[in-house]
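>>> Sequence first, predicted model second:
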Amino acid sequence: MSTVTTYRPTTLRALRDALADGAGGRLVIAGTGTAADWGGAPEYDGVLDTTGMSGLISYNPTDMTVAVQAGMPLATLQETLAEHGQWVALDPARAAAGATVGGLIATGDAGPVRHTFGTLRDCVIGVTVVLADATVARSGGHVIKNVAGYDLAKLFHGSLGTLGVLAEVILRVHPRAAATATLAVRCDAATAFDLGARLIHGSLEPVAVEWCDGTLLARFDGTPGGVEDRLRRARELAGSDATDTADAAADAWAVVGALVRGADGDTVVRIGTAPDRLPALAALVDRAAAEHAVDAAMTSSPFAGAHTVRLRGGAAAAHAAVVTALRTAHPATTVCRWTDGLRAELPAWGEPPPAVAVLRAVKHAFDPDDRLGSGRFAPWF
Amino acid sequence: MSWAAELTEVLGRENVITDPARLRTYECDGLTGYRVVPAMVVLPRSAAEVAAAVGVCARHGVPFVARGAGTGLSGGALPVADGIVISLQRLRRIVEVDPVNLRAVVEPGVTNLDISKAAAPYGLYYAPDPSSQQVCTIGGNVAENSGGAHCLKYGFTVNHVLAAEVVLADGTVTTLGGDSPQLPGYDLLGAFIGSEGTLGIVTQVTVRLLAKPAAVRTMVADFATVAGAGDAVTGIVAAGIVPAAIEMLDNLAIQAVAASTQSVYTLDTVAALVVELDGPPDDVAEQFEQVQEICRAHGCTKVLVAEDAEQRALIWTGRKAAFAAVGRISPDYFVQDGVVPRGRLAEVLGRIAAMADEAGVRVANVFHAGDGNLHPLVLYSEAAGEHDRAERLSTEIAELCVELGGSLSGEHGIGADKACSMPRMFGEDDLATMLRLRSAFDPGGLCNPGKVFPTPRLCGERPGRYRPHPLEEAGVIERL
């Protein structure tokens, strides 16, 4: 097929009709395109553009729940919620680039506050999805506590557009803290892990602990008095290397976002490990980057076991060698941005997870003809 | 060889129960109104033995039901007459407590509270705390996605489990989740947790541990009206405060508690709120004052602040013992577990009271007010022939919650108890889609059959009439 059909539905009905239209053939689901590159490169005859489904469905600040069409950008939603002193407790770097709520579920992406709030899997309380055969299905609902039926939202978390289209999403929201402050400490990975652990074990309850490019950032949210007290105690634990001016903190957090997003020509990978792997991973990144003459930077939410490594400069083959070294040590690695030519050097995924047979069976049960995102998880399935 | 002989050979005679008298121990879980004697009970001692037992079942097409402590309240561990029960009570090893990585690895038969006890020397604990935490097992918690009084702030089992080793319906063993929550691929672990034993049997669980909060403050606030207490809850939440817990007890529940334990609750108050804040000391102190002001602004008649750990324990003992305590004021009772949007608490309580009057049955209310999770206790006397109307009222209350935009169950599960009500909450396509997931894990349908999903055998040929969601009626959402 030479022409690519594009569907841009604005309602659930139109979305269902688009999927019912067999002329579309194999479809790739696209939001604002901030994660189009993740994993394998899908083959498709048509594009299902979700950005037309960007409306607010219902918001009841008293119940602290909000229902949106899945194509709504997270940043837009946060603006609405901020008017009521609330937010979705998620701060992914991609939000600044327009990432949609549905796309953030499909990628399982998150930012530094994952340390406390996890990912969208921990905030989604209901979804409406449309499957490849145009079946419309709901799970969950509008209440934060609900165990009735299977939780399809979890299944779609990390699905990268291969199980169905997220059409509507119901989220639990959190109150915005009255005060917030960040402590920044220049240190190596081992010191960062140790200091982070002392903040946690000292019950200082940082809402985020991030080690980015040689700086540990610990953010505290709470009441004005509480935040001040905890910042003071954290500074005592950190010793003389700590800075905590608001400007420096804002700059430091901006560095985290920019690093995760990367830029043209970069390779960006996301890695999941146990928390205490941070120092070893940091050493491995340095060693591999030096060996292959690539500039590497990393940011980690160590206690959430999430790391992002950005590779810059050097040939595609050099990027491939570094990614291979990372994958060998840590199979739970996703390539989120591919430098030019890298795809030819490297399979999309490394060693499959132990439950790959179940992943395959689920894919087959939801999309037996492999119509959606075909090849996104190749070579696993 | 027959499957029974094969299981006996695989597990050893001493680990298999076939004696009818002993089998009866397993005929029900905490939902005692439903009873089925299984054909056999097996007591494996390891994950390998669980897998071997499931393998035999798979080869012979024998249905199997996993069972932990049997404290479930929805019949999730109800046996199947021609099937086996796989008890996980002998898999009770705490494999590892890892304070550096803030996690513990445990076998499914370990009790919820024992995880926190094992973590305590490191200043850590396991957050989900169902009322039955002294006896209920982590395997059952995973199956039911158990919550507890503190899940308003801390979330549910699904938010605290990192990995699970599971035996699938064909007898193979795999791991869902892993070292980090950031793993590529579908969140199979998240889908598995709360699947009520219908997708497989968990044989090892890796849970997250949290540092104990530096400060905890707990109070009981009395109110002259249920509506006043409900409004106070709304006010606390609107102020941007996320308490660790907000619980409500009505007068009947308070009387029941007073009849059974040393009670700190005011005997003649119409309603009482238990509010607990935890976290860093200064934050907690500031917000604790604020909560008291909000309660006073909503007509609170008396505030009792726990002076020490002992008094706090008394408050919680009363709250957590409330279900059992109801036995002191009524020979029999049903517990419901519906959820309503928090803003509709006062409304739903009013309607439950009216429905109870009409049915001529008493209903005590003790529940998680912060997240709208009701636990109406429908009191009745079997001997006085009140069973049927009490059961009817109980079902009507659960379905009322759905009508008000909520859920049939907040934490007890659907199980055998509410499977026939599922069509009130979900349409045919919703349920069919969930069953696709089931078929991916368990194509033969051997794993805890008859739970969660309505079947004609269970519910009669005609499922309950579907009622539109209130948002659908308002035209806000559409069902195609």
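Received the coordinates, thanks.

>>> Tell me, how many residues neighbour the closest residue to B:Leu168 other than its chain neighbours?
Of all residues beyond its chain neighbours, the one nearest B:Leu168 is B:Gly200 (4.8 Å), with distances taken as CB to CB, 6 or more residues apart in numbering or on different chains. (Each C-beta comes from the backbone N, C-alpha and C, glycine too.) Using other CB atoms under 10 Å in any protein chain shown, B:Gly200 has 27 other residues around it.

>>> check contacts around B:Gly200.
B:Gly200 makes contact with B:166-169, B:192, B:441-442, B:447, according to CB atoms under 8 Å, 6 or more residues apart in numbering or on different chains.

>>> Likewise for A:Leu281?
A:189, A:271, A:273, A:298, A:300, A:307, A:326, A:329-330.

>>> let's see it at 10 Å
A:189, A:271, A:273, A:298, A:300, A:302, A:307, A:309, A:326, A:329-330 (CB atoms under 10 Å, 6 or more residues apart in numbering or on different chains).

>>> what pLDDT does the closest residue to B:His387 other than its chain neighbours get?
Of all residues not flanking B:His387 in the chain, B:Tyr380 sits nearest, at 6.3 Å (CB to CB, 6+ apart). Model confidence at B:Tyr380, given as pLDDT, is 94.

>>> before we move on, what about A:Pro352?
96.

>>> Ok, B:Phe323 next?
80.

>>> Next: the one 4 residues further on.
At B:Gly327 the predicted local confidence, pLDDT, stands at 83.

>>> In this model B:Val257 seems to touch it, though I could be wrong.
No. Look at B:Gly327 against B:Val257 with CB atoms under 10 Å: they stay out of range, at 11.5 Å.

>>> between the two, which one's more packed in?
Neighbour totals were compared for B:Gly327 and B:Val257, and B:Val257 leads with 29 against 15 (other CB under 10 Å).

>>> That one: what's it in contact with?
B:249, B:263-265, B:267, B:272, B:317-322, B:324-326, B:328-329, B:364, B:366.

>>> check whether stretch B:134-146 contacts chain A.
Yes. Applying CB under 10 Å from any CB of the partner chain, one finds stretch B:134-146 touching chain A at B:144-146.

>>> now these as TSV including neighbour count, secondary structure and pLDDT?
Below are the residues of stretch B:134-146 next to chain A laid out as TSV (neighbours: other CB atoms under 10 Å in any protein chain shown; DSSP: H, G, I helix; E, B strand; the rest coil; pLDDT from 0 to 100):
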residue	neighbour count	secondary structure	pLDDT
B:Glu144	31	helix	98
B:Asn145	25	coil	98
B:Ser146	29	coil	96
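
>>> Dump these to TSV, plus distance to A:Arg235.
Converted to TSV, these look like this (distance: CB to CB, whole Å):
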residue	distance to A:Arg235
B:Glu144	43
B:Asn145	40
B:Ser146	39
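
>>> Looking at those residues, which is nearest chain A?
Proximity of the residues of stretch B:134-146 next to chain A to chain A (CB to the nearest CB) peaks at B:Asn145, which lies at 5.1 Å.

>>> That closest one: what's its closest spatial neighbour, skipping adjacent residues?
In space, B:Asn145 is closest to B:Gly194, 3.1 Å off (CB to CB, 6+ apart).

>>> Poorly predicted segments of the stretch 1-150 of chain B, please.
Along the stretch 1-150 of chain B, no part satisfies pLDDT under 70.

>>> which residues sit against stretch B:453-461?
A:149-150, B:196, B:198, B:414, B:416, B:418-424, B:426, B:431-432, B:434-435, B:438, B:445, B:449-451, B:462-464.

>>> ok, and for it, which residues are buried?
B:453-454, B:459 (16 or more other CB atoms under 10 Å in any protein chain shown).

>>> looking at chain A, which helix or strand is least sure?
Each helix and strand of chain A was given a mean pLDDT (mean pLDDT, DSSP states H and E); the minimum falls on strand A:242-243 at a mean of 72.

>>> pLDDT on whichever helix or strand comes after that one, on average?
Remark: after strand A:242-243, the chain's next helix or strand is helix A:246-261, criterion DSSP states H and E. For helix A:246-261, mean pLDDT rounds to 89.

>>> Roughly how far does the residue located most distally from the centre of chain A sit from B:Ala164?
For chain A, the largest distance from the centre (CA atoms, centre = their mean) belongs to A:Ser240, which lies 33.8 Å off. Using CB to CB, to the nearest Å, one gets 44 Å for the distance from A:Ser240 to B:Ala164.

>>> Over to B:Arg328?
B:Arg328 is 39 Å from B:Ala164, by CB to CB.

>>> more crowded one of the two?
Per other CB under 10 Å, whichever of B:Arg328 and B:Ala164 has more neighbours is B:Ala164, with 25 against 13.

>>> got the CA coordinates for stretch A:198-214 in PDB?
The C-alpha coordinates for stretch A:198-214 follow below in PDB (Å, rounded to 0.1, in the frame of the first residue of the first chain):
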ATOM      1  CA  ARG A 198      19.700   8.500  55.000                       C
ATOM      2  CA  LEU A 199      16.900  11.000  54.000                       C
ATOM      3  CA  ILE A 200      14.500   8.100  53.600                       C
ATOM      4  CA  HIS A 201      15.500   6.200  56.700                       C
ATOM      5  CA  GLY A 202      15.500   9.400  58.600                       C
ATOM      6  CA  SER A 203      11.800   9.800  57.800                       C
ATOM      7  CA  LEU A 204      12.300  13.100  56.100                       C
ATOM      8  CA  GLU A 205      10.000  11.900  53.300                       C
ATOM      9  CA  PRO A 206      11.500  13.500  50.200                       C
ATOM     10  CA  VAL A 207       8.800  13.500  47.500                       C
ATOM     11  CA  ALA A 208      11.600  13.100  44.900                       C
ATOM     12  CA  VAL A 209      15.200  11.900  45.100                       C
ATOM     13  CA  GLU A 210      17.000  12.300  41.800                       C
ATOM     14  CA  TRP A 211      20.700  11.900  41.000                       C
ATOM     15  CA  CYS A 212      21.300  13.800  37.800                       C
ATOM     16  CA  ASP A 213      24.600  14.500  36.100                       C
ATOM     17  CA  GLY A 214      26.600  14.400  39.400                       C
END
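
>>> Just the buried positions in it, please.
Result for stretch A:198-214 [16+ other CB under 10 Å]: buried residues A:199-212.

>>> In these, find the pair that's most separated.
A:Ser203 and A:Cys212 (24.1 Å; CB to CB).

>>> From the contact counts, what lies against the host helix or strand of B:Leu152?
When elements are assigned from DSSP H and E, B:Leu152 belongs to helix B:151-154. Contacts defined by 3 or more CB pairs under 10 Å, 6 or more residues apart in numbering or on different chains; DSSP states H and E place helix B:151-154 against strand B:245-250, strand B:271-279.

>>> can you tell if the first one touches chain A?
Translated: strand B:245-250. No. Counting by CB under 10 Å from any CB, chain A is not contacted by strand B:245-250; separation bottoms out at 12.4 Å.

>>> name the helices or strands packed onto that strand?
For strand B:245-250, the packing partners by 3+ CB pairs under 10 Å, 6+ apart are helix B:151-154, strand B:215-223, helix B:226-238, helix B:251-260, strand B:271-279, helix B:309-320, helix B:345-359, strand B:362-368.
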